[in-house]
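Q: Structure of the sequence below:
(one chain, ligands or ions: 1)
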Amino acid sequence: MEDLIHHLSVSTEENRVQFREGFAAFAARHDLSEWEGWFSPCDEEVHSQILRNVDECDEVLDLGAGDLRLALRMAEQVRRVYAVEVSPIVLGAALREIGFALPRNLHVICANALDMAIPPGVTVAVLLMRHCHHFSEYFDRLLAAGCHRLITNVRWKSSVELIDLTRSRVCFDQVQEGWFACRCGAVGYVGLGERSQNSAVEVSHCPTCQRC
Ligand SMILES: C[S@@+](CC[C@H](N)C(=O)[O-])C[C@H]1O[C@@H](n2cnc3c(N)ncnc32)[C@H](O)[C@@H]1O
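A: So this is what the prediction gives:
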């Protein structure tokens, strides 16, 4: 497995598709804004954090799975992994590299994750996509499908968080001082900085989404 991950990582540069002919039209067709459709794998530290937060009972949905290197490692640890990646270039190259080493419990899907039904039984979703513009859609769709845990770097960018999607969320107006994190994907600080060390309050709407 280590060799395979190494081979996948050395071909990372070749798989960066954003500058290839046709990518702009592909991205537009899939409603991928700005850097959202760019393949840029997360580093070892981030992937290790994810691996520490899944176990053998989990069925994981890896949204924007890139070259499958995290999905392969998760598949060694959990019951099943559904890896969804929109880019046929990135995924095709990864599958060619993996070949017959593809594990039976790793289900690979080349599709826009927002177009497909979430498989039943998914216990946790992984969304490593710092430039994601569709966080609230993923949030709502996962919750509706009965998935309660989301591990993501979308909201805080440089750090990964484990979100309990079922957790109760307060109205933005109730936050007088401190960090907030909204189900729309926005984060921010209200006040003068007196509680900047405290963890963020989960809110149901915020000035960015104006959602109640
Ligand atoms: C920043 S890369 C991260 C790759 C991988 N998750 C990792 O950590 O190494 C984000 C990936 O998400 C994919 N992606 C973006 N939007 C997607 C969508 N709507 N459906 C499926 N994949 C998507 C991109 O093509 C890209 O490969």
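Q: ok, the closest residue to the ligand within the chain - contacts?
A: Each residue of the chain has a distance to the ligand, by CB to the nearest ligand atom, and the smallest belongs to residue 64, at 2.4 Å. Any C-beta I mention is one placed from the backbone N, CA and C, and that applies to glycine too. Listed by CB atoms under 8 Å, 6 or more residues apart in numbering, the contact set of residue 64 reads 84, 85, 86, 113, 127, 128, 129, 132.
Q: In helices only, show me those.
A: Among the contacts of residue 64, no residue falls in helices (DSSP state H).
Q: Closest one to residue 19 out of these, please.
A: For residue 19, the nearest member of the contacts of residue 64 is residue 86. The distance, counting by CB to CB, is 16.9 Å.
Q: Check residue 14 and give its pLDDT.
A: At residue 14, the predicted lDDT confidence score is 72.
Q: restrict the contacts of residue 64 to contacts with the ligand.
A: Among the contacts of residue 64, proximity to the ligand is found for 84, 85, 86, 113, 128, 129 (CB under 6 Å from any ligand atom).
Q: how about those residues, which pair is most distant?
A: Taking CB to CB as the measure, the ones next to the ligand among the contacts of residue 64 reach their widest spread between 86 and 128, a distance of 13.9 Å.
Q: Contact residues of the protein facing the ligand?
A: 32, 36-37, 39-42, 64-66, 70, 84-87, 90, 112-114, 128-129.
Q: please redo it, this time with the cut-off set to 8 Å
A: Taking CB under 8 Å from any ligand atom as the measure of proximity, the chain contacts the ligand at 17, 30-32, 36-42, 46-47, 62-67, 69-70, 84-87, 90, 111-115, 126, 128-132, 134.
Q: ok so, going back, take the ones next to the ligand among the contacts of residue 64 and keep only those in strands.
A: Among those, the subset assigned to strands under DSSP state E consists of 84, 85.
Q: Make a markdown table from the contacts of residue 64 and add pLDDT and neighbour count to it.
A: Conversion of the contacts of residue 64 to a markdown table gives the following (pLDDT from 0 to 100; neighbours: other CB atoms under 10 Å):
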| residue | pLDDT | neighbour count |
| --- | --- | --- |
| 84 | 98 | 24 |
| 85 | 97 | 26 |
| 86 | 97 | 24 |
| 113 | 98 | 24 |
| 127 | 98 | 24 |
| 128 | 98 | 23 |
| 129 | 95 | 23 |
| 132 | 95 | 21 |
